[in-house]
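[1] What would the 3D arrangement of this be:
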Amino acid sequence: MKTKTYSIFGAGASGLYTAWRLLNGESKTKKNEKMLEKGDVLELYDWGKYNFSKKESGTREPGARVCTWHYKDDKNNSYLELGGMRYSYWDGKPMGEGHRVVTKTIEALDLKKFSVPFNESADPLMSLRTKNMYISDVNSNQPAPYAVNNYGADSAPDDEFTTIESVAITEESGPKTRREWCDFYQNGEIKIQMPESSVFKKGDSLKDIGYWNLAYDMLGQEGFSYLADGNGYSSNVVNSNSAQSFSVNDEFTPGTEYKTLTKGFSSLFTGLFDAVVKLAKQKGIILSYHPDVRLRSILDTKHGIHFTTATRKAPDRLAESKTCDAAFLAMPRSAIELVAQATRYSEKEGLDVLNHEKVQLYLESVIMEPSYKVGMFFETPWWRDTTKGSPKYPAKLTSYFLTEEGIEELKHHKFPEKYIKELQHAKHPPILNTSYSDKTQFIDAVEAHTRERLTYKQEQLLLKVAELDTIGPSITDMPIRQVVYFGDNALQKKGKKIYGMLASYDDIQYTDFWKALELGPKAKRKIPESRDVQPLEGPRAATPVMVKALRQQLAALHFGPQTDYSAVPEPLETKYMDWSLPPFNAGYHAYKSHYSMRDVQRNIRKPSQLIKGKDSAIFIVGETYSNDQAWVEGAFCTSESVLNDFFGIKPIIDEKHYPFICPEEHV
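    Below you'll find the model as predicted:
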């Protein structure tokens, strides 16, 4: 039997996951010629060179748009996340919330022991239009500084998401499961009678309405500004597909249990790479890893999938011409478009899948959203309420958050069974997976459901189990936008403590503010942005002017407007990642309006499906065209769907309640 060669282009989340599942996946049938067997070749190409191991060392931690950065690049020191940071934990229940494939993968790689909570503050600090406040401060007596219609400034900015969604769904109605959301993406429409002044009307299809357009129509200029400024993400109010945006903005509602890994989120991809190497060796499959090499062009020919590559040393020259039996493009939109451009001018005969008009139409179905992150390390956690030099507006980072795991711990310590049942079923207010910023408020809520006073021992046990240090964030309309507090999270507890802070978490309109500060005064730009692959090389040191600008804004956020920058101490180290640069050209993606998300997801993964009468073994996987854009889950799910549907591999989990991509027929 002829040996097979499968080539994966991209060693980020989807590329590594695809390699892992090709090696560890089980066939749906006894005879499956598409399964990799002894003697077959699995190629893994990547434009970057990640630090996977001592043998495969590199310039930065792995994960493509995930990038863990340790102080002084020492894995024993405290770390920050300068890319993707977390996942939504799934408790394993059939109807449970969360990222099921990521959770399952972490368990399969024996990384669950490193999984820890990564929860948001119950009472975030905000600074909007030079007014400093906490979410809990905003009320009719102290409204936010916006002239919002219908007293909208009297409550939290995220409440405006609910106002927008009210055109189609309410707390009592609307999609709940993943399958129902897929149906909503296709068929969701405005269900209420809109006022005469509205641009839109009852019956209008939400997938054909831009979210910015709808939000502006519903909230007016001031309401939209309050939401855009106060929610922290420009990407949440971009003019994307409204039906999808309803779901995306529900992800950030209270009750979601986020987790990360104590070694940093990049350790997930180190684990995947290690598993790929080990499995290939065990099964006698030839693993060929090619860092610093990118896909240049690709055609489907009568001899197989023909492709050319280029190297980092000579990016404009053809390095190799090769063929494979199946090609996986584990790449975002921008990188795929570069491959399509080069393929147009190929002189070789074959089917140019990527440049077919309908494939191009579907490739353009997503918005590319730039992102920029700057991290800083300090000698002290100056942003907290400390005895010396306390900020006027400290970040409230202690909260109480009871999870199912906490319930199990309470059972272990013989907490009264009748109390536990009450806590599990509590609704008004909910107890489980709900953040409380104040311990008195938390205990009062618990006692309201138990209808009895807790003993001192019971109260202390409950507080111990539920207490968390949160990440923040703090939110502002200044260019830093969001601040995330990592603190002292070093694995090595000996020696001097170092405290980390994601000092600026920007997307879309705010990213250019920092670009102009990267070089400082009296410096000329020497590398064209089209050639600057800084995201692959790793975090880059900030200039003194960038550091000073950060300190100015951090001082205003934590100590009040017009506070001198010196209120914030000089950092020990400051570095940034600009995700708008090649090869990603975006931190994340969102679907445009006037597209069927279902059709895009199902067809773009094997783009030859869009060309009548053609069947080409070229596949596209990754977060870009997924059901979970901006998350590792999206990358894993598109890969899983391709392997299940086109390679006969059994699903990693039961997808009855959790389709990896939107199914053709909806329940």
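[2] Longest helix in this protein, please.
    The single longest helix within the chain, with elements called by DSSP state H, is helix 211-230.
[3] Just checking, which helix or strand succeeds the helix or strand bottoming out on mean pLDDT in the chain along the chain?
    The helix or strand with the lowest mean pLDDT-type score in the chain, counting by mean pLDDT, DSSP states H and E, is strand 467-469 (a mean of 84). Moving toward the C-terminus from strand 467-469, the first helix or strand encountered (DSSP states H and E) is strand 474-476.
[4] helices and strands around that next one, which ones?
    Counting by 3 or more C-beta pairs under 8 Å, 6 or more residues apart in numbering; DSSP states H and E, the packing neighbours recorded for strand 474-476 are strand 125-128, strand 482-487, helix 544-559. C-beta: built from backbone N, CA, C; applies to glycine.
[5] who does the shortest one pair up with?
    Here strand 125-128 has these sheet partners by DSSP bridges: strand 131-134 (antiparallel), strand 474-476 (parallel).
[6] mind listing what P535 touches?
    When contacts are counted by C-beta atoms under 8 Å, 6 or more residues apart in numbering, P535 is found next to R65, C67, M577, D578, W579, L581, P582, P583, F584.
[7] just for the stretch 451-600 of the chain, where's the confidence low?
    Within the stretch 451-600 of the chain, not a single segment meets pLDDT under 70.
[8] can you give me the helices for it?
    Per DSSP state H, counting those that start in this stretch, the stretch 451-600 of the chain carries helices over the ranges 456-466, 511-515, 534-537, 544-559, 597-604.
[9] Any idea which of these gets closest to T624?
    Closest to T624 of those is helix 597-604 (C-beta to C-beta; 8.7 Å).
[10] How far off centre is that closest one?
    Relative to the centre of its chain, helix 597-604 is centred 20 Å away, using C-alpha atoms, centre = their mean, to the nearest Å.
[11] And for it, what's in contact with it?
    Surrounding helix 597-604, the residues in contact under the criterion C-beta under 8 Å, 6+ apart are 182, 185-186, 207, 241, 243-244, 359, 362-363, 365, 591, 609-610, 620, 625-627, 638, 661-664.
[12] What about the residues you listed, which are in helices?
    When DSSP H is applied, these are split such that C182, Y185, Q186, A243, Q244, V359, Y362, L363, T638 fall in helices.
[13] which pair in these spans the largest distance?
    Pairwise across the ones in helices among the contacts of helix 597-604, and taking C-beta to C-beta, the largest span is found between A243 and V359, at 23.3 Å.
[14] Any regions of the protein where pLDDT drops low?
    1, 252-255, 387, 665-667.
[15] The residue nearest to M126 when sequence neighbours are not counted bridge partners, please.
    In this structure, M126 finds its nearest non-sequential neighbour in I475, 4.9 Å apart by C-beta to C-beta, 6 or more residues apart in numbering. In this structure, I475 has beta-bridge partners M126, Q482, where bridges are defined by DSSP bridges.
[16] Can you give me the neighbour number for I475?
    As a burial measure, the neighbour count of I475 was computed by other C-beta atoms under 10 Å and equals 24.
[17] any idea how far it is from Q460?
    Between I475 and Q460 the distance, using C-beta to C-beta, to the nearest Å, works out to 33 Å.
[18] What about R453, how many residues nearby?
    Residues contacting R453 under the criterion other C-beta under 10 Å number 10.
[19] Torsion angles phi and psi at it?
    phi -80, psi 140 (degrees, to the nearest 10).
[20] Go ahead and confirm M577 touches S504.
    No: taking contact to mean C-beta atoms under 8 Å, the distance of 10.7 Å between M577 and S504 leaves them out of contact.
[21] residues shared between the contacts of the two?
    Overlap between the neighbourhoods of M577 and S504 consists of Y372, K373, taking contacts as C-beta under 8 Å, 6+ apart.
[22] higher neighbour count, those two?
    In terms of neighbours (other C-beta under 10 Å), S504 is the more surrounded of M577 and S504; the figures are 29 against 24.
[23] check contacts around the more buried one.
    So S504 contacts Y372, K373, V374, P479, I480, R481, Q482, V483, W514, L550, Q553, Y576 (C-beta under 8 Å, 6+ apart).
[24] now the helices for the stretch 251-400 of the chain?
    Using DSSP H, counting those that start in this stretch, helices in the stretch 251-400 of the chain cover 267-283, 333-343, 357-363.
[25] closest to I527 out of the ones you listed?
    Across the helices of the stretch 251-400 of the chain, I527 has its closest neighbour in helix 333-343 (17.2 Å, C-beta to C-beta).
[26] So which bits of the closest one are buried?
    Within helix 333-343, the residues that count as buried by 16 or more other C-beta atoms under 10 Å are R333, S334, A335, I336, E337, L338, V339, A340, A342, T343.
[27] and the residue nearest to M126, how far is that from G230?
    6 Å.
[28] Identify the contacts common to the two.
    Joint contacts of I475 and G230 (C-beta under 8 Å, 6+ apart) are M126, L128.
[29] Let's have the helices of the stretch 251-400 of the chain in CSV, adding distance to R605.
    Formatted as CSV, the helices of the stretch 251-400 of the chain follow (distance: least, C-beta to C-beta, whole Å):
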stretch, distance to R605
helix 267-283, 20
helix 333-343, 12
helix 357-363, 10
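[30] which one of the ones you listed lies closest to Y499?
    Ranking these by distance to Y499, with C-beta to C-beta as the measure, places helix 267-283 first at 20.7 Å.
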